[in-house]
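K.L.:
Show me how the following folds:
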Amino acid sequence: MRIVFFGEALVEINNTTKYATYGGDVPNTALYLSRLGKSRSICVSYATAVGTDKLSLSLLSCWQQEGIDTSLVRYLSTKFPDLCYIETDREGHCYRHFWNKDNAARYYFSRESTPLEIALSNYNYHAIYISAVSFALLTDEAKATLLVLLEKYKIGGGKVYFDNRYRPHMWTPQQARYWICQLLPYIDIAFIEIKDEQRIWGTSLGIIERYSHSNCCELVIKQYSDHPISDLKALDTQMKISIIQPIGQTTDYIADNAFIAGYLAGRISGKSIRHALNLGKELTLKVQNHSKAVIPAAAMRDMM
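P.N.:
Model (predicted):
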């Protein structure tokens, strides 16, 4: 099974002894899936654009060391990856501060016949993973290009996996609603964070109907006790719905990256939804026992 992740390149700066690390929700999800995939016949690729500077090339080297295929990466000599400073409070909550809103990945589709377009047109991959963050960073013209590509890809049997992570500094709720609606018809598995859904749509109502009418096959919703979902029984649907609560002590995206990777590892390898959920929860707990966004491979060796 071959899966490609599309997203940004991100350098994370923090107040630990290791000040700069490679990061970003989408590449870190790809990294964890790459580790889990080694024993499950899952091959992971990452499509993005980076600069030609040393920092960009170090990102590339880190991904390659994790077994991620980088043949779909574009190099743009005048662009750079984002910088993100991660501030952590005493309760373990993370706050992110971003620089360089002109991320290299924003221009991935700035030329005809990009490596990703060629690969998906040839059906070299069984699935593609796209985050709302990945979609938001693109220009409107590039968003339209990606949608056309996904339409053709789906006709040929390709699968699309999606998460709804919302970054208010990247687009407005109105823009997010419009473009996510364009993306909905192509989604097979969706990972929904209920608070992000409320930020985008203004309410948690209508989630089930929205994704069911778009022929989504599986919906995994992260909800909170103070944000319950009230319309679970409002619609007769064949869509498989899983509701999860925050796992462990934190509720941030770092834990979500691990959960999504674990879930996908289970489902892609043919396991049941219950097995996939347990795999996601197990990896999440391991990640939460470490202070870094990416835990050492040795810390999850028993799962690999």
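K.L.:
Quick one: the strands in the protein, in order.
P.N.:
Residue ranges of the strands in the chain, as given by DSSP state E, are 2-6, 10-13, 20-23, 43-47, 49-50, 74-75, 82-88, 94-99, 127-131, 159-163, 189-193, 218-222, 240-244.
K.L.:
Using CSV, please lay out these together with mean pLDDT, mean neighbour count and distance to residue 109.
P.N.:
Glycine gets a C-beta too; all of them are placed from N, C-alpha and C. Below are those laid out as CSV (pLDDT from 0 to 100; neighbours: other C-beta atoms under 10 Å; distance: least, C-beta to C-beta, whole Å):
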stretch, mean pLDDT, mean neighbour count, distance to residue 109
strand 2-6, 98, 22, 10
strand 10-13, 78, 20, 19
strand 20-23, 67, 20, 23
strand 43-47, 98, 25, 10
strand 49-50, 94, 24, 9
strand 74-75, 96, 16, 9
strand 82-88, 77, 16, 18
strand 94-99, 74, 13, 22
strand 127-131, 98, 24, 13
strand 159-163, 98, 22, 17
strand 189-193, 96, 23, 23
strand 218-222, 95, 22, 28
strand 240-244, 92, 15, 32
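K.L.:
can you list those in a markdown table and add distance to residue 139?
P.N.:
Output for the strands of the chain, formatted as a markdown table (distance: least, C-beta to C-beta, whole Å):
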| stretch | distance to residue 139 |
| --- | --- |
| strand 2-6 | 14 |
| strand 10-13 | 18 |
| strand 20-23 | 23 |
| strand 43-47 | 16 |
| strand 49-50 | 12 |
| strand 74-75 | 15 |
| strand 82-88 | 16 |
| strand 94-99 | 18 |
| strand 127-131 | 16 |
| strand 159-163 | 20 |
| strand 189-193 | 24 |
| strand 218-222 | 29 |
| strand 240-244 | 34 |
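K.L.:
What are the buried residues along stretch 173-184?
P.N.:
176, 179, 180, 183, 184 (16 or more other C-beta atoms under 10 Å).
K.L.:
list the contacts for the second one?
P.N.:
So the one you mean is residue 179. 135, 136, 143, 171 (C-beta atoms under 8 Å, 6 or more residues apart in numbering).
K.L.:
One more: the last one?
P.N.:
By C-beta under 8 Å, 6+ apart, residue 184 lies in contact with 210, 211, 214, 216.
K.L.:
Quick one: neighbours of the second one, just the number.
P.N.:
By the criterion of other C-beta atoms under 10 Å, residue 211 has 23 neighbours.
K.L.:
partners of the closest residue to it other than its chain neighbours in the sheet?
P.N.:
Excluding the flanking residues, the one nearest residue 211 by C-beta to C-beta, 6 or more residues apart in numbering is residue 219, at 5.2 Å. Counting by DSSP bridges, residue 219 is bridged to residue 190, residue 241.
K.L.:
Quickly note the distance from residue 219 to residue 54.
P.N.:
Computed with C-beta to C-beta, to the nearest Å, the distance linking residue 219 and residue 54 is 42 Å.
K.L.:
what's the answer for residue 103, then?
P.N.:
For residue 103 relative to residue 54 (C-beta to C-beta), the value is 17 Å.
K.L.:
These two: which is more packed in?
P.N.:
residue 103 (26 against 8).
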